[in-house]
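Engineer: what follows is a protein structure lacking sequence information:
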């Protein structure tokens, strides 16, 4: 191993700390704390890898909340536990950045457990430096998820009792079970030999990121003399004797060599490509149907369309609305949604109007399309006097209750089956409605269907179903 | 102009991309899921970021990260998800990070149901997170506005360095209407305060921590001044038939659409009813409501809630004009006829 004596502060540190209040020549960390050492190794590695200007460091909550006092790099300060999510946001927005999520044990292994696991599992190209000192330092020595069994803290005053608090959590091993992380190692700061290993591990983790290899984490067993109520030499001894035996040191995962560099796609800003990819097209919108030929009751219709799931109720509504739009009407389509759809019934409200549409909710309809018996029973009463009820008699065996309405009865399911598929029963109904109302020009409908159905055979069957519906109305007029 | 029959939720996604949104971080929830679904389809097509986050909390914190890195970014959810996001929204407000968040409201409290409701008004408009902050709140009531106000949201977010929340409801999200889309996509410019992982920007600091009480008070005062300017400059509303009205209904979102039908029916019967619709809920159009209050008999506030915007209407009027309220909850939406019935009862009493 190569040794180098560093006589000056790494460039990736500020030379003094103007962001800090009080004495700007010294850090805010306690005497004997491990953070300063970890900070130094990060700054050295950034210098050696020439990453300073590209780096964004995420400061966590905890003693290292003020990491931005010291590192002369970009800084974002995170909410407790959320640093890996912030790091994800930064790295995805700036794929060329070097992002370090610096976190303590409460931050990473308790409140931020979900964020660290999923950032690791997505293989975010970030480097996590995890300071495990088995205690909450900043908040005053409370129990951490990594506090050892029997260890006394201000919230485990009798010693951590696994029966009540569970066992200390081994994060490096936990993350090592995932497929995506490329490099995970646990190191310690308790003596010179281990400090050098820590220095190398941090360098390796950042180089892994520089080479776009993937997620890396270095867990550092670190001393907290203040939190532990020990003097610094005692605290080092405690790490060596107590922590290392529970948190085994060493490499947990190293897939750096076999991992291919990952690059993110370039953003596209060409307006034409954007418009094309968003599917935005200028439509040929104009009145095609002769509006003067439409009877008063069929002008500006309000539909309630209802049936079983699978009868094409919602699609029929969309086709009507799309036709309305192409004929230069204002349109609104409002579906029943959610579990209701899965429960087997569906309905939608459709409004087609030459005026701006107020309520898209159809509470008094001019047209009710009932694809099954419950729909007729439920919705015919909403029809205005003189309104139109179209009933799918294949599925309805009771007459309508109303006598003040216009009724079209049509065995749509049987007719559709004859044409070739039960699925086109909605088109049979639609054909009947359009023949009756004259609201939409057949050419408009064909345009809309051609836009929706790419297969010629399917389009053909739908057109046949429409015609069968029209024919039925003509015959029974 | 490009026209499409499109769901409100999908119009949000297209509007966001036309506004130059670079990253979407979200978590699925009914009735907002189409936003995540279409974002997952369309963002990668344009080389933009889409991540389905592990939680709503992670999603809003990814937003914090990406926004601090200068990207236009967004997330969307419904009430339960917004409750989880409040932590991050407070941090974004504190660190003055622009972003757009859509809330497609559903029935609450708790798991409630997925029907349309407007019960998130308080948590969104009044600031559901901790601290002295406000967010800009836009209230679309049509497919067109789902696109337009999303685009405006990105503009306002950057202009004011503030989260902008699009407060819509299950019906406005699920409904399909014709929408005209602009064909000139926007691209945001470099922000002087953001981090771009380069030498020029590295001294920018994205944070909401101010350890000194005096510094934090100064930061808060600065924020309050910003909110006061937003109240001066960004109020938006729509008025229909208010000039000669005896009674003015006040409603936003889907409820305003239903009230519009009520108003049209009432006018046909010779009743002088007007409709006032806030398009911004913060800033709230208090001044205009107070002016209208000088000429009318009473206001009728209609909401799909227990009466939340109602309090802002009352504050605006400060007792100068009576305010009546009609609300439905739990996913129940009043019909135009139902509101008409309420109006006529009130007019007789």
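Structural biologist: Yep, it's here. Keep in mind the model is a prediction, meaning the values are calculated, not measured.

Engineer: ok, residue A:426 to residue A:161 distance?
Structural biologist: Separation of residue A:426 from residue A:161 (C-beta to C-beta, to the nearest Å): 66 Å. To be clear about C-beta, it is placed using only N, CA and C from the backbone, and glycine gets the same treatment.

Engineer: more crowded one of these two?
Structural biologist: Legend: neighbour count by other C-beta atoms under 10 Å in any protein chain shown for residue A:426 and residue A:161, higher for residue A:426 (27 against 11).

Engineer: tell me which element the more buried one falls in.
Structural biologist: In the assignment (DSSP states H and E), residue A:426 maps to helix A:425-437.

Engineer: neighbouring contacts of the following helix or strand past that helix?
Structural biologist: Downstream of helix A:425-437, the first helix or strand assigned by DSSP H and E is helix A:442-452. Helix A:442-452 has contacts (C-beta atoms under 8 Å, 6 or more residues apart in numbering or on different chains) with A:284, A:288-289, A:319, A:322-323, A:326-327, A:430, A:434, A:459, A:462-463, A:466.

Engineer: need those in CSV (columns: distance to chain B and pLDDT).
Structural biologist: Formatted as CSV, these follow (distance: C-beta to the nearest C-beta, whole Å; pLDDT from 0 to 100):
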residue, distance to chain B, pLDDT
A:284, 10, 94
A:288, 16, 96
A:289, 17, 95
A:319, 10, 98
A:322, 5, 98
A:323, 10, 98
A:326, 9, 97
A:327, 11, 97
A:430, 16, 97
A:434, 18, 97
A:459, 19, 95
A:462, 18, 96
A:463, 21, 96
A:466, 19, 97
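
Engineer: got those residues as CSV, with neighbour count and distance to residue A:112 columns?
Structural biologist: Below are the contacts of helix A:442-452 laid out as CSV (neighbours: other C-beta atoms under 10 Å in any protein chain shown; distance: C-beta to C-beta, whole Å):
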residue, neighbour count, distance to residue A:112
A:284, 9, 54
A:288, 18, 60
A:289, 19, 61
A:319, 25, 49
A:322, 25, 47
A:323, 26, 53
A:326, 26, 52
A:327, 21, 55
A:430, 30, 54
A:434, 22, 59
A:459, 15, 54
A:462, 26, 54
A:463, 19, 58
A:466, 25, 58
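
Engineer: list the contacts for residue 299?
Structural biologist: Since you didn't name a chain, this refers to chain A. A:291, A:354.

Engineer: nope, chain B
Structural biologist: B:247-250, B:276, B:289, B:292-293, B:313, B:317, B:321-324.

Engineer: you'd agree residue B:239 is in a helix?
Structural biologist: No. Counting by DSSP: H, G, I helix; E, B strand; the rest coil, residue B:239 is not part of a helix but strand.

Engineer: count of neighbours near it?
Structural biologist: 15.

Engineer: hey, what's it bridged with?
Structural biologist: On the basis of DSSP bridges, residue B:239 is bridged to residue B:276.

Engineer: hmm, residue B:279 and it touching each other?
Structural biologist: No. Between residue B:239 and residue B:279 there is no contact under C-beta atoms under 8 Å: 10.8 Å.

Engineer: and the longest helix along chain B, anywhere near chain A?
Structural biologist: Counting residues, the longest helix found in chain B (DSSP state H) is helix B:213-233. No. Counting by C-beta under 8 Å from any C-beta of the partner chain, chain A has no neighbours in helix B:213-233; the shortest distance is 9.0 Å.

Engineer: can you list the domains in chain A?
Structural biologist: What automatic domain parsing lists as the domains of chain A is A:35-254, A:291-476.

Engineer: er, chain B I mean
Structural biologist: If you go by automatic domain parsing, the domain ranges for chain B are B:2-233, B:238-348.

Engineer: make JSON lines out of those domains and add distance to residue A:66 and mean pLDDT.
Structural biologist: Compiled in JSON lines, those are given as follows (distance: least, C-beta to C-beta, whole Å; pLDDT from 0 to 100):
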{"stretch": "domain B:2-233", "distance to residue A:66": "8", "mean pLDDT": "97"}
{"stretch": "domain B:238-348", "distance to residue A:66": "33", "mean pLDDT": "98"}
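
Engineer: now residue 257: which helix or strand?
Structural biologist: No chain was given, so I picked chain A. Residue A:257 belongs to no helix or strand, assigned by DSSP H and E.

Engineer: oops, I was thinking of chain B
Structural biologist: Going by DSSP H and E, residue B:257 is part of helix B:253-268.

Engineer: flag every buried residue along that helix.
Structural biologist: B:253-266 (16 or more other C-beta atoms under 10 Å in any protein chain shown).

Engineer: before we move on, back to that, buried deepest among the domains of chain A, which one?
Structural biologist: A comparison of the domains of chain A by mean neighbour count, using mean count of other C-beta atoms under 10 Å in any protein chain shown, puts domain A:35-254 on top with a mean of 22.

Engineer: whether that one contacts chain B - can you check?
Structural biologist: Yes. Domain A:35-254 reaches chain B (C-beta under 8 Å from any C-beta) through A:52-56, A:58-59, A:65, A:68, A:72-79, A:82, A:85-94, A:96-98, A:114-115, A:117-118, A:122.

Engineer: SS state for the residue in the stretch 1-150 of chain B positioned nearest to chain A?
Structural biologist: The stretch 1-150 of chain B approaches chain A most closely through residue B:65 (2.4 Å), counting by C-beta to the nearest C-beta. At residue B:65 the chain is in helix, as set by three-state DSSP.

Engineer: residues contacting the residue nearest to it when sequence neighbours are not counted?
Structural biologist: In this structure, residue B:65 finds its nearest non-sequential neighbour in residue A:89, 2.4 Å apart by C-beta to C-beta, 6 or more residues apart in numbering or on different chains. Taking C-beta under 8 Å, 6+ apart, we find residue A:89 in contact with B:23, B:25, B:61-69, B:71, B:73.

Engineer: and these, which is closest to residue B:173?
Structural biologist: Nearest to residue B:173, judged by C-beta to C-beta, of those is residue B:25 at 18.6 Å.

Engineer: who are the contact partners of the closest residue in space to that closest one that isn't next to it in sequence?
Structural biologist: In space, and not counting its chain neighbours, residue B:25 is closest to residue B:62: 3.9 Å by C-beta to C-beta, 6+ apart. Residue B:62 makes contact with A:85-86, A:88-89, A:92, B:23, B:25, B:51, B:53, B:73, B:75, according to C-beta under 8 Å, 6+ apart.

Engineer: switch the cut-off to 6 Å
Structural biologist: A:85, A:88-89, B:25, B:53 (C-beta atoms under 6 Å, 6 or more residues apart in numbering or on different chains).
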